Every structure is written in C-alpha cells, then in structure tokens.
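A.B. asks: Sequence and predicted model, in that order:
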Amino acid sequence: MKALTWQGRREVTVEDVPDPRIEQPTDAIVRITSTAICGSDLHLYELFGPFIDKGDVLGHEPMGIVVEVGDDVSQLAVGDRVVIPFNIACGQCFMCVRGLQSQCETTQVREYDSGAALFGYTKLYGQVPGGQAEYLRVPLADHNHIRVGDDLPDDRYLFLSDILPTAWQGLQYAHVPDGGTVAVMGLGPVGQFVARAGVHLGYRVLAVDPVPERRAMAERHGASAFDLTDDIVAELRDLTEGRGADAVVDAVGLEAHGDPMIAFAQRAAGMLPDPLARKVMDTAGMDRLAAVYASIDLVRRGGTVSISGVYAGDADILPMKTMFDKQISLRMGQCNVKRWVDALLPLVEDPGDPLGVMDLTTHRVPLSDAPLMYKTFQKKEDGCIKVVLQP
C-alpha cells in the first residue's frame with residue numbers, strides 16, 4: 001500500500017509499504033477514505049526525530065471502511081464506516097472506565113513512562129503505524145472506533161478522531177462560568193473548534209492568533225479575534241473590566257513564537273545521536289512557553305488555564321509565585337476521545353452544523369501530495385489551516 005513515511009527532519013515521503021494484516025484476534029483492518037494532517041504531526045516533522053525511525057508511518061486522524069476483522073471482534077463488521085480515535089485504549093481498565101482513555105493501563109508505554117499508545121506517534125507512544133495511508137490496522141478494535149452513518153460526507157465526522165474532542169475537552173477543563181468569557185490562545189484547527197464550541201455554549205470568546213486567515217475564520221463563527229501583539233494581554237484585560245478572562249485555553253503548545261534560545265536548543269538536541277537527544281528532550285526545559293505565560297497573565301484571579309497544546313519538556317519553568325498568588329487552576333492533558341463522543345456526535349450530525357465542521361478544511365489533496373502539504377501547513381502559507389488527505 002501507499003503510506004506517508006518519516007525520513008528525517010522536515011522530510012516525509014509517500015512510499016510503498018507492506019499492507020497491514022490481522023496480528024491479534026482483536027484487530028481490524030480499515031481502508032482509509034480520509035485522513036488529516038494534525039498540528040502535532042508538525043512536531044514529528046520538526047522536532048521528535050530522535051524518537052522516530054526512518055520509514056515510520058505517520059498520521060492519527062483517520063476514518064474509513066472496515067475490510068477485515070479478527071476472530072474476537074464482536075462490535076464491528078466488514079463494511080462498517082468508522083472514525084478511529086487517535087489514542088489506543090482497551091475500554092475496560094481502571095483508567096478507561098473513569099473516562100481517561102489517554103491513560104489506558106493496557107496500552108501505556110511504560111518504557112518511556114508515557115500514557116496510552118497513539119497511532120503514528122513515535123516511540124514515546126508505542127510506535128504504532130499511523131493512518132496517513134491506504135489501510136490501517138486497528139488494535140483492540142471493539143473499543144477503538146466510532147461507528148458513523150453512511151449518508152453524510154467524511155468531513156462531518158473526520159475531526160472526531162482528534163481535534164474536535166481535544167478542543168471540547170480543553171473547554172470543559174477550562175470551567176468557564178455560565179455566560180463567562182474564555183480567551184483562546186492560538187487559532188489553528190484545535191483553537192478554531194475551542195472558539196466555536198465556546199460560542200455554541202454561550203460564552204464570550206476572545207481569540208488570539210498572528211495569522212489573518214485564522215482570525216477571519218474564527219470571526220465567521222462568532223469569536224472576537226485579535227492579532228498577537230506585544231500589548232495583547234493588556235488589550236484583552238481592558239475588555240474584561242481589567243480582571244482578565246474567566247478562563248484561557250492554550251491551543252498553541254510547543255510551537256509557540258518566542259524564546260529563540262529554546263528554538264536553538266530544540267534544533268541542537270535534534271542533531272545529537274538519538275540516545276543522547278532522547279535523554280536531553282526527556283529531561284530538559286525544551287518548550288517555548290510564550291503561550292502559557294500569556295495565558296497565566298491574561299486569566300483573572302481565581303480563573304483556570306486549560307492547556308490543549310502539546311508540550312514536551314520536563315524541566316520547563318513556570319511562574320509559580322504568580323500562579324499561587326492569582327489562585328489559578330491549571331488543567332491539561334492528552335484528549336480522552338471516547339469520553340466526549342456522545343456529546344459531540346449529535347452536533348456533527350446536526351443539519352445546522354453548529355460547530356462548523358464543514359468550514360475548517362482549507363486544502364483537500366491526494367495522499368501523494370502530503371509531503372508538499374506538510375511544508376505548506378508548517379509555514380502557514382496559502383491560507384492553510386487544515387489539510388485533509390484522501391488515499
């Protein structure tokens with residue numbers, strides 16, 4: 001089959017790789033009809049080379065049609081149309097039954113002290129072949145699927161794989177009071193859905209991003225959008241009676257602008273031999289924290305900062321005195337996709353499309369164009385906000 005493979009920093013290629021096969025009786029094989037490039041795929045493209053092997057298949061936002069099931073699969077049949085959540089969970093362990101599928105004790109990657117395994121996402125998360133491919137093997141398939149209907153287009157459902165539940169969880173973790181104000185740092189795909197979900201739930205949404213096309217998209221869906229300037233925190237405080245927002249969702253993560261020294265350190269770590277680079281990245285302060293710092297400054301006293309963007313360093317410096325003094329609550333974590341599906345499925349199937357799932361994809365291309373679109377997406381060129389690949 002054809003699949004997108006990692007070959008080196010800023011180098012991905014579409015290659016012929018072996019077709020996936022049933023390896024365990026709980027597996028299923030899915031023919032992929034749509035699969036998206038995620039902002040966190042850019043972390044692999046740029047930064048996480050020490051944790052990837054040449055030839056690894058990327059991608060963790062797929063959907064398609066079941067073409068084969070293992071002998072122990074009882075909840076799926078050939079021909080079912082499914083979305084595949086990006087985290088791989090058993091659905092039965094201590095963590096899963098508490099709605100913490102991203103911490104599944106059955107698939108935890110204990111070698112790296114990480115949570116549940118993920119599709120297409122490095123040794124840190126199991127090195128499971130991903131979904132930017134013609135076919136995908138789905139382990140523990142009875143739990144790791146979202147069955148959907150046949151009538152609506154893929155874009156209605158595709159984002160249930162990751163970015164829509166990630167945004168929804170980020171907003172739920174933010175604990176915005178009824179009628180309150182939430183600020184969204186970053187208007188990439190997750191930030192777009194955070195803003196839209198906030199508007200849908202009746203919040204006042206103030207969103208920040210340096211890219212005009214992203215701001216315009218957010219404003220189409222009811223958010224007030226602002227450029228990322230040196231005075232943005234003061235500007236938004238002025239709009240909230242000087243207090244700051246009730247909650248802030250950081251939808252940026254380690255790709256945040258700022259701190260050129262950290263950017264240099266990230267590149268330097270990637271040039272070390274892999275075992276040394278992995279050690280540095282596991283233990284050093286490797287993140288550019290501009291978005292987190294701005295969120296802490298912007299949130300009102302007694303408010304909540306919710307982090308949906310991915311961070312990677314274990315020695316990052318946070319302003320603990322300020323956080324303690326302002327009595328800030330901090331929530332974060334990998335999304336627990338299946339936890340939010342019951343709330344989200346009716347919204348994506350609603351004819352009115354209240355979350356605007358049909359107004360997010362800016363580039364829809366064949367899988368063969370994936371290497372070019374990784375470059376375009378990373379550089380934020382050509383108005384690129386969300387890329388969907390069709391194998």
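C.D. replies: Sure, I can see it. From a predicted model like this one, the values you see are computed outputs, not experimental measurements. Numbering: from 1, shown residues only.

A.B. asks: where in the stretch 201-350 of the chain is pLDDT low?
C.D. replies: Scanning the stretch 201-350 of the chain for pLDDT under 70 picks out 255-287, 313.

A.B. asks: can you give me the helices in it?
C.D. replies: Using DSSP state H, counting those that start in this stretch, the helices of the stretch 201-350 of the chain run over 212-220, 232-238, 260-271, 274-283, 290-298, 320-325, 337-349.

A.B. asks: Show me what the last one is packed up against.
C.D. replies: It refers to helix 337-349. When contacts are defined as 3 or more C-beta pairs under 8 Å, 6 or more residues apart in numbering; DSSP states H and E, helix 337-349 sits against strand 146-147, helix 154-157, helix 163-174. Heads up, the C-betas are built off the backbone N, CA and C, glycines and all.

A.B. asks: and the first one, what's its mean pLDDT?
C.D. replies: Pointing back at strand 146-147 there. Averaging pLDDT along strand 146-147 gives 98.

A.B. asks: Sort out which residues of stretch 339-354 are buried, please.
C.D. replies: Residues of stretch 339-354 classed as buried: 339-341, 344-345, 347-348 (neighbour count, 16 or more other C-beta atoms under 10 Å).

A.B. asks: Next, format the helices and strands packed on helix 337-349 as CSV and append distance to Val57 and mean neighbour count.
C.D. replies: Listed next are those as CSV, based on distance: least, C-beta to C-beta, whole Å; neighbours: other C-beta atoms under 10 Å:
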stretch, distance to Val57, mean neighbour count
strand 146-147, 21, 16
helix 154-157, 20, 20
helix 163-174, 20, 26
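
A.B. asks: wait, which of those is closest to Gly198?
C.D. replies: helix 163-174 (6.0 Å; C-beta to C-beta).

A.B. asks: now that closest one: how far from the chain's centre is it?
C.D. replies: From the chain centre to the centre of helix 163-174 is a distance of 10 Å (C-alpha atoms, centre = their mean, to the nearest Å).

A.B. asks: After that helix, which helix or strand is next?
C.D. replies: Counting by DSSP states H and E, the next helix or strand C-terminal to helix 163-174 is strand 181-185.

A.B. asks: Starting from that following strand, tell me the next helix or strand along the chain.
C.D. replies: Following strand 181-185 in sequence order, the next helix or strand is helix 189-200 (DSSP H and E).

A.B. asks: quick check: angle from that next one to helix 337-349?
C.D. replies: Helix 189-200 and helix 337-349 meet at an angle of 60 degrees, taking axes from the mean of the first three to the mean of the last three C-alpha atoms, to 10 degrees as the criterion.

A.B. asks: And helix 189-200, how far out from the chain middle?
C.D. replies: Going by C-alpha atoms, centre = their mean, where helix 189-200 is centred and where its chain is centred differ by 13 Å.

A.B. asks: One more: stretch 127-138?
C.D. replies: For stretch 127-138 - counting by C-alpha atoms, centre = their mean - the centre lies 17 Å from the chain centre.

A.B. asks: now that stretch: mean pLDDT?
C.D. replies: pLDDT averaged over stretch 127-138 gives 98.

A.B. asks: what distance separates the start and the end of it?
C.D. replies: One end of stretch 127-138 sits 13 Å from the other (C-alpha to C-alpha, to the nearest Å).

A.B. asks: Please apply the same query to stretch 5-18.
C.D. replies: Stretch 5-18 has an end-to-end distance of 12 Å (criterion: C-alpha to C-alpha).

A.B. asks: what does stretch 130-148 give?
C.D. replies: 21 Å.

A.B. asks: buried set for that stretch?
C.D. replies: 130-146, 148.

A.B. asks: next one: stretch 28-42
C.D. replies: 28-30, 32, 34-42.

A.B. asks: try stretch 325-344
C.D. replies: 326, 328, 330-341, 344.
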